[in-house]
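Trainee: need a structure here:
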Amino acid sequence: GVRGFWFDFGDRTMGKRRAGVGAFRAPFVVAYNADYEAQYDKKGRPRPSRPFNLTVVCVPTSAGRSRAIIFGGSQPETKEARRARRRQQATEAAEAAEAADKKPPSSPASLLFKLLPVWLGHLFSNRFLDSDLAFLHYQEQVVRTRGGEAAGSYFMPTQSDRCIAALRRWLSSHAPSGLPASSASGPHAGLGPLPPPIYSRDALFDHFTQHTSHCRHCQAAVSALAAWRKRTYRVLAAALLLGVRFWLARLVGVACLGLLRLYVVVEKQFQVGEYKHWQNH
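Mentor: Next up, the predicted model:
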């Protein structure tokens, strides 16, 4: 209906199957809530696993551009669900105490993820968006040139296409003139025609304009990288002076050269993406 729709989905990611439900909450929100299939260790104990929760708020800002706000979080629990969860937790606690069995430790991957800085998570998110950005940008251009109907512009026979087809039908039924931009005037002002396609990869994957310039975490990381570069140059200079006599200083110098190269690679990710779609297989 006008308020959106629900859908079921299932896929395989990171070597694990997951299944759940998603929701398009008109006009800007898409939410996913899923669980991974149970996995067990060699002793038959269940490995720790957390549910997959992802919500994306896509706010149109101008024709062909949107502001994507991405965050993780589950849907609010109802009172009945909260009571059921607490009863289940009480039962599990009693069974655990009775069996005197310790809770299996968290997986190394989950522990490592908790230690990652915020800005590194943002770089991974940018790469995730880059994986679809080029396809979506050019496909939307093709749809407009072929009459504006995705079903007539592309062959979409699979079950995974049904959600996209439903979204396109919603747009045609409830927003035929386009969704209003945040800067548009009037309650029914559309976004207008799409701008010409962007063929420059540096412009299409401009991380600095799209994200870094607006993010305090990434701006702080860029400043920290500049400071660490200066410190590394100082250590490198000292290593070069002492390297004539001490082999350890030579190793430190080599490590400094490696760090300087790493700084360049990371800093570039704050500026522009380098996702190579032809290698995504």
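
Trainee: flag the shaky bits of this protein, pLDDT-wise.
Mentor: Within the chain, the stretches with pLDDT under 70 are 41, 46-49, 73-113, 148, 150-151, 176-192, 244, 277-281.

Trainee: spatially central residue in this structure, please.
Mentor: Central residue check for the chain by C-alpha atoms, centre = their mean: the C-alpha nearest the mean position is that of Ser125, 3.6 Å away.

Trainee: residues touching it, list them.
Mentor: Listed by C-beta atoms under 8 Å, 6 or more residues apart in numbering, the contact set of Ser125 reads Ile70. For every residue, glycine as well, the C-beta is placed using N, CA and C.

Trainee: again with Lys16
Mentor: Contacts for Lys16 (C-beta under 8 Å, 6+ apart) come out as Tyr36, Glu37, Gln39.

Trainee: distance-wise, check the residue nearest to the centre of the chain relative to Val264.
Mentor: As judged by C-beta to C-beta, to the nearest Å, Ser125 and Val264 stand 21 Å apart.

Trainee: likewise for Gln39?
Mentor: Going from Gln39 to Val264 by C-beta to C-beta gives 39 Å.

Trainee: could you do Leu236 as well?
Mentor: 14 Å.

Trainee: what about the two, which has more around it?
Mentor: More crowded of Leu236 and Val264, by other C-beta atoms under 10 Å: Leu236, with 19 against 11.

Trainee: now the element after the helix or strand containing the more buried one, going C-ward?
Mentor: Using DSSP states H and E, the element containing Leu236 is helix 216-242. Sequence-wise, the next helix or strand downstream of helix 216-242 (DSSP H and E) is helix 247-269.

Trainee: between that next one and helix 216-242, how big is the angle?
Mentor: Taking axes from the mean of the first three to the mean of the last three C-alpha atoms, to 10 degrees, one finds helix 247-269 and helix 216-242 inclined to each other by 150 degrees.

Trainee: identify each buried residue in helix 247-269, please.
Mentor: Buried residues in helix 247-269, counted by 16 or more other C-beta atoms under 10 Å: Ala249, Val252, Gly253, Cys256, Leu259, Gln269.

Trainee: output those residues as a markdown table; include the columns distance to Phe135.
Mentor: As requested, those are exported to a markdown table (distance: C-beta to C-beta, whole Å):
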| residue | distance to Phe135 |
| --- | --- |
| Ala249 | 50 |
| Val252 | 45 |
| Gly253 | 44 |
| Cys256 | 40 |
| Leu259 | 35 |
| Gln269 | 21 |
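
Trainee: between the residues you listed, which is closest to Pro51?
Mentor: Ranked by distance to Pro51 (C-beta to C-beta), the buried residues of helix 247-269 are led by Gln269 at 28.9 Å.

Trainee: so how far is Gln210 from that closest one?
Mentor: From Gln269 to Gln210 the distance is 12 Å (C-beta to C-beta).

Trainee: kindly report the same for Glu267.
Mentor: 16 Å.

Trainee: cool, and Asp8?
Mentor: Distance, Asp8 to Gln210, by C-beta to C-beta: 32 Å.

Trainee: also Glu274?
Mentor: Per C-beta to C-beta, Glu274 is found 14 Å from Gln210.

Trainee: between these two, which is the more surrounded one?
Mentor: Between Glu274 and Gln210, counted using other C-beta under 10 Å, Gln210 has the larger neighbour count: 20 against 13.

Trainee: tell me which residues touch the residue located most distally from the centre of the chain, please.
Mentor: Within the chain, the residue lying farthest from the chain centre (C-alpha atoms, centre = their mean) is Arg245, at 49.3 Å. Contact analysis of Arg245 by C-beta under 8 Å, 6+ apart lists nothing.

Trainee: what of Ile69?
Mentor: Ile69 touches Val56, Val57, Cys58, Val59, counting by C-beta under 8 Å, 6+ apart.

Trainee: report the beta-bridge partners for the second one.
Mentor: The residues paired with Val57 through beta bridges, assigned by DSSP bridges, are Val29, Ile69.

Trainee: run a quick check on it versus Ala31, I expect a contact.
Mentor: No. Here Val57 lies out of contact with Ala31, judged by C-beta atoms under 8 Å, at a distance of 9.4 Å.

Trainee: and these two? which has more neighbours close in?
Mentor: Ala31 (19 against 15).

Trainee: just the element for that one, please.
Mentor: If you go by DSSP H and E, Ala31 is part of strand 29-36.

Trainee: so which residues of the stretch 1-150 of the chain form strands?
Mentor: Listed in chain order, the strands of the stretch 1-150 of the chain (DSSP state E, counting those that start in this stretch) span 4-13, 16-25, 29-36, 52-62, 65-71.
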